[in-house]
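> coords please:
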Amino acid sequence: MNTKSLIHLEGIHKIYGEGDASFEALKGINLDILSGEFVAIMGPSGSGKSTLMNLLGCLDRPSSGSYRYEGIHVESLDKTQRSLLRRYALGFIFQGFNLLARTSAVENVELPLLYRGIGRRKRRQLAREALDSVGLADKERNTPGELSGGQQQRVAIARAMVTQPRTLFADEPTGNLDSKTTDEIMLSLTRLNQEQGITILMVTHEEDVAQFAGRQIHVLDGLIAHDQQNH
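Numbering: from 1, shown residues only. I've put the predicted structure just below:
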């Protein structure tokens, strides 16, 4: 194991169902991800990449194998402990933005801080700073319906970043966006990675999007088929 690894997977298997109806989605994944890396995870539908992402994001548990996050044996954590790890160490960005429709941008960004029990004045200050960091300081009062797709995704990025996570998980973050807006979002993520040292794990189907990452991992039939550096 690389002692500098933020994430270390060893012999990870994931099986759904039982008996004749069982399906092995992951077939013994070994993987190290270093702190500060920007990694694109790619693969066709059914390859296992989404299952891998769910395990890495502590949204599911492996059937067998070892998953260490900063030395913590994640596979041994119960549901509540995994939830706490997500709350305090991980951030998530989704293809569908997942914003509250009737809630202002700044209130959407505040939401993760509310779950942490942070007071209203401090929440508002941190949310405004996060919006400013993605270039939306002037949109804090706007609801998602008053924002473009790219602006909505930047609100979602601000919401993911407001808790200052160690690791950011991005699931097809540009899937609903045009090419110009895609470039803007990817430059925002690249800046967060390079300037703040945040580790980013991103699932994408798009080769041009994957080029923004420093490393590409291709998953096929439940195994890592290729693992290469981009730059």
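> CA atoms for contacts and neighbours, from now on please.
Will do.
> pLDDT averaged over stretch 40-56 - what is it?
Average pLDDT, stretch 40-56: 94.
> hang on, I meant stretch 102-121
On average, stretch 102-121 scores 93.
> distance between the ends of that stretch?
21 Å (C-alpha to C-alpha, to the nearest Å).
> Mind listing what's buried along it?
104-113 (16 or more other C-alpha atoms under 10 Å).
> Which ones among the residues you listed map onto strands?
Judged by DSSP state E, strands contain none of those.
> who's in contact with the helix or strand that L31 is a member of?
Using DSSP states H and E, L31 sits in strand 23-34. For strand 23-34, contacts defined as C-alpha atoms under 8 Å, 6 or more residues apart in numbering pick out 1-2, 4-17, 47-48, 51-52, 65, 199, 221-224.
> In ChimeraX, how would I select the buried members of those?
If you want just the buried ones from the contacts of strand 23-34 in ChimeraX, going by 16+ other C-alpha under 10 Å, the selection is:
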select :5,6,7,8,9,10,12,13,14,47,48,51,52,65,199,221,222,223,224
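> just to revisit the earlier point, show me what the next helix or strand after the strand holding L31 is packed up against.
Proceeding N to C from strand 23-34, the next assigned helix or strand is strand 38-42, under DSSP H and E. Judged by 3 or more C-alpha pairs under 8 Å, 6 or more residues apart in numbering; DSSP states H and E, strand 38-42 is in contact with strand 199-203, strand 215-220.
> Deepest-packed of those, please.
Comparing those by mean neighbour count (mean count of other C-alpha atoms under 10 Å), strand 199-203 ranks first with a mean of 24.
> Quick one: distance of that strand to the chain centre.
Its chain's C-alpha centre and that of strand 199-203 lie 5 Å apart, by C-alpha atoms, centre = their mean, to the nearest Å.
> That one relative to strand 215-220, how many degrees between them?
40 degrees (axes from the mean of the first three to the mean of the last three C-alpha atoms, to 10 degrees).
> partners of strand 199-203 in the sheet?
strand 38-42 (parallel), strand 167-171 (parallel) (DSSP bridges).
> next one: the last one to chain centre, how far?
So the one you mean is strand 167-171. Worked out by C-alpha atoms, centre = their mean, strand 167-171 lies 1 Å from the chain centre.
> on contacts alone, who are the packing partners of the helix or strand following that strand?
Using DSSP H and E, the helix or strand that follows strand 167-171 towards the C-terminus is helix 179-196. If contacts are counted by 3+ C-alpha pairs under 8 Å, 6+ apart, helix 179-196 sits against helix 149-161.
> In CSV, list the C-alpha atoms belonging to stretch 80-100.
The C-alpha coordinates for stretch 80-100 follow below in CSV (Å, rounded to 0.1, in the frame of the first residue of the first chain):
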residue,chain,number,x,y,z
THR,A,80,-24.5,5.9,10.5
GLN,A,81,-20.7,5.9,10.5
ARG,A,82,-20.6,6.0,6.7
SER,A,83,-23.1,8.9,6.7
LEU,A,84,-20.9,10.8,9.1
LEU,A,85,-17.9,10.2,6.9
ARG,A,86,-19.8,11.5,3.9
ARG,A,87,-21.0,14.5,5.8
TYR,A,88,-17.6,15.6,7.1
ALA,A,89,-15.1,14.4,4.4
LEU,A,90,-16.9,14.1,1.1
GLY,A,91,-18.8,16.3,-1.4
PHE,A,92,-21.0,15.3,-4.2
ILE,A,93,-22.0,16.8,-7.6
PHE,A,94,-24.7,15.2,-9.8
GLN,A,95,-25.7,15.4,-13.4
GLY,A,96,-29.2,16.5,-12.5
PHE,A,97,-27.9,19.3,-10.1
ASN,A,98,-30.4,18.2,-7.4
LEU,A,99,-31.2,21.8,-6.3
LEU,A,100,-34.3,22.7,-4.4
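> I am finished for the moment; much appreciated.
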